[in-house]
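Engineer: Could you look at this predicted model? Sequence included:
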Amino acid sequence: MEAGNSSPPLRKASISGPMYKREPSRRVFVNRSLMLEKVKFFGFDMDYTLAGYKSPEYETMGFDHLKRKLVSLGYPEEITDFQYDPSFPI
């Protein structure tokens, strides 16, 4: 960053919108490639860092969505009879 300028410098990006260039000490590096097109499911870490969740409504919604997805993948329809129990740890 330039002296006296608190904003990070911008550079052109190949996607729409500006891309911010971070100082090396503030960058995140990975040590392997991740082929996202091969990932079937994504999980969420509900640590309340970025968002506040409405519990148990959020967990109930996820549970119901998962039941429908499992049935669409060939699991028995009876799975949809299960109800989310907020007192049961997952």
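Structural biologist: That came in fine, so what should we check first? These figures come from a predicted structure and were not determined experimentally.
Engineer: Flag every buried residue along stretch 36-49.
Structural biologist: For stretch 36-49, the neighbour count (16 or more other C-beta atoms under 10 Å) marks no residue as buried. To be clear about C-beta, it is placed using only N, CA and C from the backbone, and glycine gets the same treatment.
Engineer: what's next to it, contact-wise?
Structural biologist: Stretch 36-49 is contacted by residues 53, 58, 62 when judged by C-beta atoms under 8 Å, 6 or more residues apart in numbering.
Engineer: As TSV, the residues you listed with secondary structure, pLDDT and distance to residue 37 would be great.
Structural biologist: Converted to TSV, these look like this (DSSP: H, G, I helix; E, B strand; the rest coil; pLDDT from 0 to 100; distance: C-beta to C-beta, whole Å):
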residue	secondary structure	pLDDT	distance to residue 37
53	coil	74	28
58	helix	85	27
62	helix	89	23
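Engineer: Redo those residues as TSV? Include neighbour count and distance to residue 40.
Structural biologist: Shown next, in TSV, are those (neighbours: other C-beta atoms under 10 Å; distance: C-beta to C-beta, whole Å):
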residue	neighbour count	distance to residue 40
53	12	24
58	14	22
62	15	16
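Engineer: Nearest to residue 69, out of these: which one, please.
Structural biologist: Of all those, residue 62 has the smallest distance to residue 69: 10.3 Å, by C-beta to C-beta.
Engineer: Using PDB, write out every CA atom in stretch 33-43.
Structural biologist: The C-alpha coordinates for stretch 33-43 follow below in PDB (Å, rounded to 0.1, in the frame of the first residue of the first chain):
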ATOM      1  CA  SER A  33      -6.000 -27.700  -6.000                       C
ATOM      2  CA  LEU A  34      -9.700 -28.300  -5.200                       C
ATOM      3  CA  MET A  35     -11.900 -29.300  -8.100                       C
ATOM      4  CA  LEU A  36     -15.200 -27.800  -7.000                       C
ATOM      5  CA  GLU A  37     -17.100 -29.500  -9.800                       C
ATOM      6  CA  LYS A  38     -16.500 -32.800  -8.100                       C
ATOM      7  CA  VAL A  39     -17.900 -31.700  -4.800                       C
ATOM      8  CA  LYS A  40     -21.400 -32.900  -4.200                       C
ATOM      9  CA  PHE A  41     -22.200 -31.400  -0.800                       C
ATOM     10  CA  PHE A  42     -21.000 -28.300   1.100                       C
ATOM     11  CA  GLY A  43     -21.200 -27.900   4.800                       C
END
